[in-house]
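Trainee: Dropping a prediction and its sequence here:
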Amino acid sequence: MKVTLALLFLAAESFAACSNPKLRREWNQLSGGEKQTYLATLQTMKSNPPGSNPNNWNFNQFAEVHWQYQADNHGRPAFFPWHRAFLVHFENSLRAINPSVTLPYWDWSLNSQNPGASDLFSPNNFGGDGDPNNGNCVVDGVAANWVATANGAHCLRRCNSWGALTPPSVLAGYMRSAKDYSTFLSYIENSPHAQVHSQMGGRCGDFSTMQSANDPVFFLHHAMVDKIWRKWQDLCPEFEESYGNPDYNLRPFGVTVRDVLAQTDNYCYSYSSSGGDVPVSVSCIKKKNGETATGSATATATTGKATKTTATGTAKATSTASPTGNATVSDVNWLEKSIQQLVNASSQAISFNQAKLSGDAVLRRRMDDVLTSVVLPSPTTTSNATLSEPTSTPTVESVMRLQIDVPEVIPEKYEFNSNFTIVAPPASDRTDLLKIRHPTDLDEDFVKMMHLDLEAVRKAEIIAKMIVDEVNNDPNYVSPAALINFSH
């Protein structure tokens, strides 16, 4: 079924300043009721008849448009802005059914060490892998027995081949090192974004093809990709509107790249903090008023504008506070909130002595570990540490210290640094609770199908391995994606 597009009316839309942004939250930040409301709205959208414009399309229309315009939206500079426009219209169409709904995102960097275990894929949510005895069709969750329409009618298929995805430290390294749009695009599209498609779709699933928007998880995945772009844009003023040809037309939406670069009333939303957000410190060329600056800007878990400093200032973490040097207890409020979201725990007394590496005790032990890495006391002095009342004044040094740059010279082939001693666990391993895995390399045939640059893909993969090795060989740092953070 071919979608007929009549979108000239969109060209006349005005773009006023963003006055009341909607908040897009990570899937696991939604309550059980909010998750079910989203899924019910999605189900209605799937069963609705075709809409008359992109703000009330049904689900199949979005899937088909993504398929039809695949040459516009992959392996090209328009990758980020095209999908941003696509997601906004998808969200508008959801809200046309239920105005209380906003589009959530899936922070796959936090789940990168065991992505298939995410709550996203439970039978009560989006369902799991396809049934190999039933054509690999999805048979549980909201998409059970869905008929996909992009590229011909067929059951929605998944053939999961989960390995390891891109962890938070690698995303931070990409963002810290990309000084222009093309470099940032090359890092993110070619590796982190593509890995999710490749591993979730596997050898025969919709998600690993250009008909990937047949799967409702597509929209949460690309909301995460959009969040990463927004975070990078917010690092420096010169990044916000960094694009070679901002007048490029984003078909079939009737807008240009320029229209989606900044937040306006038509693109008025922000993203929540999530456990995978780590501080990213960069040096900016421009300040807000357009003057040059040699200070630093740091974006952390939020997507608000980054805090800039003077030419002699130091990096600041932006969120509910801006810690520099030795932080007070109130200054690390942003860290406590991020940790609380990570383990989904309330502020309560936790004990080193009682923590066991099983069940929910894993989460309590990880909370102790993280607080210890910031406060650096002896465990024997903190037998009843609490989130709200640290036993000594924390510093942010151990949090801000791990700012890994992409090397200036990237080797043609990955080699383990002989100065290191700890080797990353295999991508399929789920027993090492502390160290993180190298993201799984992409298959060459998949790279070609996605219209990606093979050389750029391999470069991004090598960079990711080098950053993972640095993280694993730092004795004072545990990644928020490490499996010790999650119950088993």
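Mentor: Yep, it's here. Numbers count the residues shown, from 1 in each chain.
Trainee: What count of nearby residues applies to the residue nearest to residue 131 when sequence neighbours are not counted?
Mentor: Spatially, and ignoring its direct neighbours in sequence, residue 131 is nearest to residue 139 (4.8 Å; C-beta to C-beta, 6 or more residues apart in numbering). The C-beta positions use only the backbone N, C-alpha and C, and glycine is treated the same way. Burial of residue 139, expressed as a neighbour count using other C-beta atoms under 10 Å, amounts to 19.
Trainee: tell me the contacts of residue 139?
Mentor: Each residue near residue 139 by C-beta atoms under 8 Å, 6 or more residues apart in numbering is listed here: 127, 130-131, 145.
Trainee: Please list only the buried members of these.
Mentor: Members of the contacts of residue 139 that pass the buried threshold by neighbour count (16 or more other C-beta atoms under 10 Å) are listed as 127, 130.
Trainee: residue ranges of the helices in the stretch 201-350 of the chain, please?
Mentor: 217-235, 237-240, 257-261, 333-343 (DSSP state H, counting those that start in this stretch).
Trainee: weakest of those by average pLDDT?
Mentor: The stretch with the lowest average pLDDT out of the helices of the stretch 201-350 of the chain is helix 333-343, scoring a mean of 42.
Trainee: Any chance of CSV for the helices of the stretch 201-350 of the chain, columns mean neighbour count and distance to residue 61?
Mentor: As requested, those are exported to CSV (neighbours: other C-beta atoms under 10 Å; distance: least, C-beta to C-beta, whole Å):
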stretch, mean neighbour count, distance to residue 61
helix 217-235, 23, 13
helix 237-240, 20, 31
helix 257-261, 21, 20
helix 333-343, 20, 34
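Trainee: Can I get the contacts of residue 139 in JSON lines including secondary structure and distance to residue 243?
Mentor: What follows is the contacts of residue 139, written out as JSON lines (DSSP: H, G, I helix; E, B strand; the rest coil; distance: C-beta to C-beta, whole Å):
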{"residue": "127", "secondary structure": "coil", "distance to residue 243": "37"}
{"residue": "130", "secondary structure": "coil", "distance to residue 243": "38"}
{"residue": "131", "secondary structure": "strand", "distance to residue 243": "43"}
{"residue": "145", "secondary structure": "coil", "distance to residue 243": "41"}
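Trainee: quick one, strands of the stretch 101-250 of the chain?
Mentor: The residue ranges that make up the strands of the stretch 101-250 of the chain, judged by DSSP state E, counting those that start in this stretch, are 147-148, 154-155, 249-250.
Trainee: nearest spatial neighbour of residue 118, skipping sequence neighbours?
Mentor: Here the residue nearest residue 118, using C-beta to C-beta, 6+ apart, is residue 111, at 4.6 Å.
Trainee: Over to the one you found: give its phi and psi.
Mentor: Its backbone dihedrals place residue 111 at phi -100, psi 20, with angles given as degrees, to the nearest 10.
Trainee: residues contacting residue 448?
Mentor: residue 454.
Trainee: hmm, 10 Å instead?
Mentor: Residue 448 makes contacts with 75, 454, as judged by C-beta atoms under 10 Å, 6 or more residues apart in numbering.
Trainee: before we move on, what about residue 466?
Mentor: Contacts of residue 466 were listed using C-beta under 10 Å, 6+ apart, and they are 170, 173, 404, 406-407, 410-411, 414-417, 438.
Trainee: can you put these in TSV and add pLDDT and distance to residue 198?
Mentor: Converted to TSV, the contacts of residue 466 look like this (pLDDT from 0 to 100; distance: C-beta to C-beta, whole Å):
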residue	pLDDT	distance to residue 198
170	96	16
173	93	21
404	70	25
406	74	22
407	72	25
410	86	22
411	90	23
414	95	18
415	94	24
416	95	24
417	93	27
438	98	15
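Trainee: By neighbours, which of the residues you listed wins?
Mentor: Highest neighbour count within the contacts of residue 466: residue 170, with 30 neighbours (other C-beta under 10 Å).
Trainee: Check the gap between that one and residue 239 for me.
Mentor: Counting by C-beta to C-beta, to the nearest Å, the gap from residue 170 to residue 239 is 19 Å.
Trainee: now do residue 212
Mentor: Here residue 212 is placed at a distance of 27 Å from residue 239 (C-beta to C-beta).
Trainee: neighbours of residue 118, just the number please.
Mentor: By the measure other C-beta under 10 Å, the count of residues near residue 118 is 20.
Trainee: quick revisit: look up how far residue 417 lies from the residue nearest to residue 118.
Mentor: With C-beta to C-beta as the criterion, residue 111 and residue 417 are 27 Å apart.
Trainee: show me the contacts for residue 464.
Mentor: Neighbours of residue 464 in contact, by C-beta under 10 Å, 6+ apart: 164, 166-167, 169-171, 173-174, 187, 191-192, 195, 406, 414, 438-439, 441.
Trainee: Filter those residues down to the ones in helices?
Mentor: Residues from the contacts of residue 464 lying in helices, with DSSP state H as the criterion: 169-171, 173-174, 187, 195.
Trainee: With distance to residue 67 added, can I get these in CSV?
Mentor: Putting the ones in helices among the contacts of residue 464 into CSV (distance: C-beta to C-beta, whole Å) gives the following:
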residue, distance to residue 67
169, 34
170, 30
171, 28
173, 33
174, 28
187, 26
195, 21
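Trainee: What is the distance between stretch 241-249 and the centre of its chain?
Mentor: Relative to the mean C-alpha coordinate of its chain, stretch 241-249 is positioned 23 Å out (C-alpha atoms, centre = their mean, to the nearest Å).
Trainee: And the furthest pair within the contacts of residue 139?
Mentor: With distances taken as C-beta to C-beta, the most widely separated pair in the contacts of residue 139 is 130 and 145, at 11.4 Å.
Trainee: then stretch 414-425 to PDB, C-alphas only?
Mentor: What follows is stretch 414-425, C-alpha atoms only, in PDB (Å, rounded to 0.1, in the frame of the first residue of the first chain):
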ATOM      1  CA  TYR A 414      42.100  -2.700  16.900                       C
ATOM      2  CA  GLU A 415      44.900  -3.900  19.100                       C
ATOM      3  CA  PHE A 416      44.800  -4.300  22.900                       C
ATOM      4  CA  ASN A 417      46.900  -1.800  24.700                       C
ATOM      5  CA  SER A 418      49.900  -3.600  26.100                       C
ATOM      6  CA  ASN A 419      49.900  -1.200  29.100                       C
ATOM      7  CA  PHE A 420      46.500  -2.600  30.200                       C
ATOM      8  CA  THR A 421      45.900  -5.800  32.100                       C
ATOM      9  CA  ILE A 422      42.100  -6.300  32.000                       C
ATOM     10  CA  VAL A 423      40.500  -7.600  28.800                       C
ATOM     11  CA  ALA A 424      36.900  -6.900  28.000                       C
ATOM     12  CA  PRO A 425      34.500  -9.900  28.600                       C
END
